Every structure is written in structure tokens, then in C-alpha cells.
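Undergrad: sequence plus predicted model, see below.
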Amino acid sequence: MNPFIQIRRELHRIPELGFQEFKTQAYLLKYIQSLPQQRLLIKKWKTGLLVKVPGRNPSKMVGYRTDIDGLPIPEETGLPFSSIHPENMHACGHDFHMTIALGLLTHFVHNPIADDLLFVFQPAEEGPGGAEPMLHSKEMQEWMPDMIFALHIAPEYPVGTIAVKEGLLFANTSELFIDLQGRGGHAAFPHQTNDMVIAACNLVTQLQTIVSRNINPLDSAVITIGKITGGTVQNSIAEKARLEGTIRTLSPETMGKVKQRIEAIVRGIEAGFECGAKIDYGSMYYQVYNHEELTKDFIDFIRQDPHITLVECREAMTGEDFGYMLKEIPGFMFWLGVDTPFGLHNAKLNPKEEAIGVAVRMMTDYLTYKGN
Ligand SMILES: CC(=O)N[C@@H](CCC[C@H](N)C(=O)O)C(=O)O
């Protein structure tokens, strides 16, 4: 078996949540330390790694970033190399992203280019966000690349397809947690309580009016409540309820407007249901905005590759904290086709492994072109 497929499967077995990627960091480190060390410099940052491959005659540093964390989703693929952590899964392709970065790193350790290369193994992309603190860390500030690139797997495209666009690619995101506190009691005496299950249901419905009635239809936003908890038992009225969700917008300004409306609606729920409510926005990610000239140059480069089909795609409401890196370093992110019927964050996601070789070959060519 191709050694990188084996690596992907080993990484797939050990998904860990943000800033808990201890086994993953140790696995990556062990592999990287097995490469010839004379052309490698390694720094740890929390559960992530920064790996520099010094160039032959450097005039700049070219960066390549991968995320390394998994999601709190129990895997349902039935694969023989399924997660050994029953609550977690690499359901967003970070096992692919890491393997591709290792493939590139391996190539360039053996075939250095003129410029320095920096490989960024970043923790906590799914939350609470590793890119921004890593970017501002002493470790990374000492090794600031002049440009930086990253990819994300795309289930909907065939293997051999790359999708990208100049400018906005991914949305601004904010997590959303709302805790409701009322007065619980016996199910038979509702008039003595204020039921937080009813308040939560009303709140979910009212939140849906923000996108349909407060946002210009020519703009876009998403409010998804992915989880509701409340109550203790079927014959007791709930004293507490909690909504957990996420907000997505195409601009930081629209994010501000959505939050204003959420706050107004939550104040209305407090008044209407005589309860208390607390809003917590959790972690927030800045939009992924692809550098226009570099992306155009990449598109021109890819068009000449007979083995790649290029799709100039639309922006998506996914979020990525790589946006913080792109805010300060020119670069871009693109989608890599992996052809699977199950989408990102689905417990059955099973990307086609042939995409790993496609990405390593193509990005080897591109980084060689950029770094000479
Ligand atoms: C590519 C991808 O799926 N990224 C995640 C980023 C999550 C950010 C944060 N935890 C949130 O939920 O807002 C996504 O869900 O888009």
C-alpha cells in the first residue's frame, strides 16, 4: 500500500479535539523526525508544529498550512481503520489535510527548492480556533512566511478536480450558545412554572426570522441551531434549556447586524416568558479571503495541468480560521475533490484516498514553481 494511504489511515484512527491533539502531534513528530534532519527545523506550539525546510538560496519563505483536529462526532463509516476514540471522528478531512502536508514535506526535504518552506500543523480549527493565536505566537512570528496556501477536501467534486475563486471563499462565523433559565415544576401544574422547553422552541423559531426578514435577500446569512438540551424527565417542566448553534455571514458587517437582532429577540423572550437568558458567542472566525493576484496566478498554473479539472466556484458558508492567516499573509485556500456522497461533518464521510496523491503531486509542482 502507498505509505501515505497508510499514514492517513493511522491518523484517521486517532482524531482529537482542539488543543487536545497530543497523540496526533506525537504521530506527526515521530514521522517528521524519521526524515533526514539536516534540512529540517522543528518547533512545537501548543499541540501544533511548525516545520521549516531551509531553501538552497532563499529570498523568501513560502508557507503551507494544515489543520490537525477532529470533531466530536461518533464515526459511522464501518471502515476497518475507524476512529479508536468512540466520541470523535475526522469528519472534516483533516486526516487528509495532514497526510498531504506530510507528503509535501517529505518531497521537499529530499528535493529542497531555492526558497525556505514553512509547514504549519495548526490545532483547533473546528474550535476554539488555533490559527489566530498560532499566527501571533512568538514561534510563528519568528518564521513568518511571505505567502501561505492551504486546501480543504470537497466531497461534492470528483477526484482530480480543484475548485477555487479569487476573493471571498468562506464565510465569517460565530458560534452561538444561549442558556435559558426559568422556574421548573410538576408537569401537571404549568401555571406555577415558566417552561424553558416552550421558551427554547419559540426562540428557535424567532431566530429563523432574522435571515428571512432582517437580512437583505441579495446578501446572505445562516443561523443554524445544531443542538437543543433542556429539562430532566418527561413529567417535569424544564427549568433550563440551552441552544447551541452557529452564525454564518458574507461580511463582518452582516455578522454585527445578525448579532444585534439575536440580542433583541432574546430580550423579547426574557420579557415574554419571564425568564433569564445568557448569550455566549464562543469562538469567531474571520472570512477566508483569497488574495486576488496569487489566486489568479494559481488558476493560470492549474489550467496548464492536464490532470486537473479546474472549477471556478462560488463562495461557501463554511468557516475556517485560516482566514486569520490570510488576513495578514497573502495566499489562498482551495477545495480538493474527494468524491463522496456524504458531506463534511457527516458521520459516514469517506473521502476517496486517490485524492491524496493528486494533491501532493499538484502542490509539489506549485510550491516548486512559487519557491524558485
Ligand atoms: C470547514 C469547516 O467545516 N469548518 C467549520 C468551522 C467551525 C467554526 C466554529 N466552530 C463554528 O461552528 O462556528 C465549520 O463549521 O464551517
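TA: That came in fine, so what should we check first?

Undergrad: wait, A241 sits on G230?
TA: Yes. Under the criterion of Cβ atoms under 8 Å, A241 makes contact with G230 at 3.1 Å. The C-beta positions use only the backbone N, C-alpha and C, and glycine is treated the same way.

Undergrad: need the overlap of contacts for these two.
TA: Overlap of the contact sets of A241 and G230 (by Cβ atoms under 8 Å, 6 or more residues apart in numbering) consists of L180, M196, V197, A200.

Undergrad: tell me the residues of the chain that contact the ligand?
TA: Taking Cβ under 6 Å from any ligand atom as the measure of proximity, the chain contacts the ligand at 92, 126-127, 152, 173, 175, 246, 283, 285, 318-320, 344.

Undergrad: closest one of these to E270?
TA: E175 (21.0 Å; Cβ to Cβ).

Undergrad: pLDDT at the closest one, what is it?
TA: Listed pLDDT for E175 reads 96.

Undergrad: what is it paired to in the beta sheet?
TA: Per DSSP bridges, the residues bridged to E175 are T246.

Undergrad: could you do L118 as well?
TA: In this structure, L118 bridges to K52, G63 when assessed by DSSP bridges.

Undergrad: and K23, what does it touch?
TA: K23 neighbours (Cβ under 8 Å, 6+ apart): I14, E16.

Undergrad: checking it next. Helix, strand or coil?
TA: Here K23 is helix, with the state taken from DSSP: H, G, I helix; E, B strand; the rest coil.

Undergrad: change the start of the numbering to 31 and stick with it
TA: Yes, from this point I'll number from 31; that puts the last item at K53.

Undergrad: distance of it from G361?
TA: 29 Å (Cβ to Cβ, to the nearest Å).

Undergrad: try E350
TA: 12 Å.

Undergrad: what's the answer for T203, then?
TA: T203 is 19 Å from G361, by Cβ to Cβ.

Undergrad: V341 now?
TA: For V341, the distance to G361 equals 20 Å [Cβ to Cβ].

Undergrad: which one of the two is surrounded by more residues?
TA: Neighbour tally, V341 and G361, criterion other Cβ atoms under 10 Å: the higher count belongs to G361, 24 against 17.

Undergrad: find the nearest non-adjacent residue to the more buried one, please.
TA: The shortest distance from G361 to any non-neighbouring residue, by Cβ to Cβ, 6 or more residues apart in numbering, is to I178 (3.9 Å).

Undergrad: ok, now which ones touch that neighbour?
TA: Neighbouring residues of I178 by Cβ under 8 Å, 6+ apart: V92, G93, Y94, R95, L148, V150, M355, L356, I359, P360, G361.
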